[in-house]
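Asks: Predicted model and sequence follow; I will ask about them next.
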Amino acid sequence: GRTVKLDRQADIAKIDQSLAKFRAVVIVGPSGCGKTALAKNFAEMKMPVAKVIWWNARDFSQTSFQVFETHLGLRHTLVDLLDGVRDEEAYVIVDGLDRNYLDHVYDHLASLIHLLRLNEGEGAWRLMVTCNVDSWGDVDERLRRRNVQDFEWGPVIIKEPSETELKAVWEVVPALRRLVLRPSLRPILFKPRIIDMLAIKMEAGVNVDTSGWVGESDLIQWYWETDVQKAPDGTARSAFLQKLAERQADRSEPETPESVFAPADLTVAEGLKGDRICRVIDGCLSFDHDIIGDWARQRVL
């Protein structure tokens, strides 16, 4: 609800310990469990004492690695910059691999990994990627097909926060405490993204009745009715989100150029951006979180 910061130092420590042992680490966990937030917290912790480079997987969507490098606007080549680092610690973080299936994204990532010389056993650079637990097998296979297999990945498995870690949330939003009484829903409701969503509603005075929920489909139905279809143009919003989700699934694209949409669709998209359902970066439209895209595809089905 934008008022509580979860204490996840135990997870941060696991990441730090794994990076001390392995040259490359993958943070895996279910969608919405806070992988990106943990990676950001780790980056913020290391920035005062180490070199840190952060990329989103979509940054590798350029048509060639040369274009990718040019797009960075560097005065020196990337290989010179990476080779020139002599710090004891240096980290490259790539977020959101599970949301990008384009072949050239993995071509460029493989080229970057070779530049980091992770297979040589020495050097400052360490690599960390975040990935949905169900997608890591496919991501690993894609990289292996590109000869990225001369080093061992250190997995860091992230789960939903425990009841102890969520006590700070119950204190600020007491109405959420009753979620503890629904153990069958904990794998769904205890995800930080979902708790944040529910906390914002409850703090705004909205009654969130979970007594009739038996699974994720009930959560999706509630979200669709309260967030997507709440506006006067709710029907248009729902139709647009389903169209966007279906297009991105069919084309394996994590984001879609605004230019492909009609002016009426872009008008609808403006409201969705204001409600943190969609976002626009560099003229491309995507879901604010991949879990919302999954929910939109569930509505299509």
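Replies: Arrived safely, thanks for sending. Quantities reported herein were computed from a predicted structural model and do not represent experimental measurements.
Asks: Just give me how far the longest strand that the chain contains sits from the chain centre.
Replies: Longest strand of the chain, by residue count under DSSP state E: strand 125-132. Put simply, strand 125-132 sits 12 Å off its chain's centre (C-alpha atoms, centre = their mean, to the nearest Å).
Asks: Could you export that strand as CSV, CA atoms only?
Replies: Output in CSV follows, covering the C-alpha atoms of strand 125-132 (Å, rounded to 0.1, in the frame of the first residue of the first chain):
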residue,chain,number,x,y,z
TRP,A,125,32.2,-9.4,-13.0
ARG,A,126,29.3,-11.4,-11.6
LEU,A,127,26.0,-11.9,-13.4
MET,A,128,22.5,-12.0,-11.9
VAL,A,129,19.3,-12.7,-13.7
THR,A,130,15.7,-12.9,-12.5
CYS,A,131,13.3,-15.5,-14.0
ASN,A,132,10.0,-17.1,-13.3
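Asks: From the contact counts, what lies against the following helix or strand past it?
Replies: The helix or strand immediately downstream of strand 125-132 is helix 136-144, counting by DSSP states H and E. Packing partners of helix 136-144 (3 or more C-beta pairs under 8 Å, 6 or more residues apart in numbering; DSSP states H and E): helix 103-116. (Glycine included, C-beta is placed from N, CA and C.)
Asks: and the helix it packs on, which residues are buried?
Replies: If you call a residue buried by 16 or more other C-beta atoms under 10 Å, then helix 103-116 has these buried ones: His104, Val105, Tyr106, Asp107, His108, Leu109, Ala110, Ser111, Leu112, Ile113, Leu115, Leu116.
Asks: Give me the helices and strands touching the helix or strand bottoming out on mean pLDDT in the chain, please.
Replies: Least confident helix or strand, the chain: helix 186-189 with a mean of 81, by mean pLDDT, DSSP states H and E. For helix 186-189, the elements it packs on are helix 192-203, helix 216-223, judged by 3+ C-beta pairs under 8 Å, 6+ apart.
Asks: ok, Val300 to Glu246 distance?
Replies: As judged by C-beta to C-beta, to the nearest Å, Val300 and Glu246 stand 5 Å apart.
Asks: between these two, who's got more neighbours?
Replies: Higher neighbour count among Val300 and Glu246: Glu246, with 16 against 11, using other C-beta atoms under 10 Å.
Asks: List of residues touching whatever helix or strand the more buried one lives in?
Replies: Following DSSP H and E, the helix or strand that holds Glu246 is helix 234-251. With C-beta atoms under 8 Å, 6 or more residues apart in numbering as the test, helix 234-251 has contacts from 224, 228-229, 231, 253-256, 264-265, 268-269, 271-272, 277-278, 285-287, 292-293, 296-297, 299-300.
Asks: re earlier: alpha carbons of the least confident helix or strand of the chain, in PDB - could you do that?
Replies: Presented in PDB, the C-alpha positions along helix 186-189 are these (Å, rounded to 0.1, in the frame of the first residue of the first chain):
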ATOM      1  CA  ARG A 186      -1.700 -18.300   1.000                       C
ATOM      2  CA  PRO A 187       0.300 -19.200  -2.200                       C
ATOM      3  CA  ILE A 188      -1.800 -16.700  -4.100                       C
ATOM      4  CA  LEU A 189      -2.500 -13.900  -1.600                       C
END
